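Undergrad: just to be clear, the model below is a prediction. Sequence and coordinates:
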Amino acid sequence: MVHSEGVMTADLLTRSEIDRINAEHLVSTPLRPADLLFVFGQRRGVPQLVAAAIDLWHRGYFRHAIVSGGATQGDPRTECSVIKDGMVAGGVPAAVILEEHAATNTGENVTLSLPVIDAALGRANVASVICLGKVCTARRYPMTLQRHWPEVEKMVATVNPYAVPVERWHTDPLFRRRVLAEDAKIAPYRAAGFIADWP
């Protein structure tokens, strides 16, 4: 059965479908120190996102960061402002954090951030990027970067703002809905040229 959004209902998910999504979609990679941390703005899970960025800084995993995200519902500040303020409060120097305040989706996170990165650092001087964002969107972050910035090495770190561990995503209605919706975007986004295949 498929809902109007084109997403399968949870009770009809097979073990093989769950395993496929686990392997293909809920990705993370081994991390090593990178030139840039790319923080994809979000409204859900901001405390977890900020904590992860702070942890990566204190463990020496990036030299510069960019935080991208526009207006938030019910808050006069942008996602970028909220997240950057949290990072600075946790000890990340403000001077190493670049800002992008207009993006409303993942594609804009990338396309609007690239000129900021180029102006401040020079894209040619950035060889490696850690993408940081929600686990349900994990695959799409590097695929979007791959479409617009294929030269750079991409790594992925994620946060889980949901009520159950990642391996039990299919048992939580909200987590399941978000994962299935994100998984359903991959083929049409690839066909439209919004994202590109990434290992």
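TA: Received, thanks. Residues are numbered from 1 along each chain as shown.
Undergrad: now residue 39: how far from residue 162?
TA: Residue 39 is 19 Å from residue 162, where distance means CB to CB, to the nearest Å. Yep, even glycine has a C-beta here, placed from its N, CA and C like the rest.
Undergrad: which of the two has more residues huddled nearby?
TA: Per other CB atoms under 10 Å, whichever of residue 39 and residue 162 has more neighbours is residue 39, with 32 against 22.
Undergrad: who are the neighbours in contact with the closest residue to that one other than its chain neighbours?
TA: Among residues not flanking residue 39 along the chain, residue 67 sits closest, at 4.4 Å (CB to CB, 6 or more residues apart in numbering). By CB atoms under 8 Å, 6 or more residues apart in numbering, the contact set of residue 67 is 39, 41, 79-80, 83-84, 87, 97-100.
Undergrad: closest to residue 187 out of these?
TA: residue 41 (24.9 Å; CB to CB).
Undergrad: which residue packs closest to that closest one, ignoring adjacent ones?
TA: Per CB to CB, 6+ apart, closest to residue 41 is residue 69, 1.8 Å.
Undergrad: doesn't residue 83 make contact with that neighbour?
TA: Yes - counting by CB atoms under 8 Å, residue 83 is a contact partner of residue 69 at 6.7 Å.
Undergrad: the residue nearest to residue 39 - that's part of a strand, no?
TA: Yes - Residue 67 forms part of a strand when assessed by DSSP: H, G, I helix; E, B strand; the rest coil.
Undergrad: identify the bridge partners of it.
TA: Beta-bridge pairing for residue 67 (DSSP bridges): residue 39, residue 99.
Undergrad: how close does it sit to residue 49?
TA: Counting by CB to CB - residue 67 and residue 49 are separated by 9 Å.
Undergrad: between these two, what contacts are shared?
TA: With CB under 8 Å, 6+ apart as the test, residue 67 and residue 49 both reach 39, 83.
Undergrad: just the CA trace of whichever helix or strand residue 54 is part of, in CSV.
TA: Element membership for residue 54 (DSSP states H and E) is helix 46-58. The C-alpha trace of helix 46-58 is given here as CSV (Å, rounded to 0.1, in the frame of the first residue of the first chain):
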residue,chain,number,x,y,z
VAL,A,46,19.4,21.5,16.5
PRO,A,47,20.8,20.7,19.9
GLN,A,48,22.2,17.4,18.6
LEU,A,49,23.5,19.0,15.5
VAL,A,50,25.3,21.7,17.5
ALA,A,51,26.7,19.2,20.0
ALA,A,52,28.1,17.1,17.1
ALA,A,53,29.7,20.1,15.5
ILE,A,54,31.3,21.1,18.8
ASP,A,55,32.5,17.6,19.4
LEU,A,56,34.1,17.4,16.0
TRP,A,57,35.9,20.7,16.5
HIS,A,58,37.3,19.7,19.9
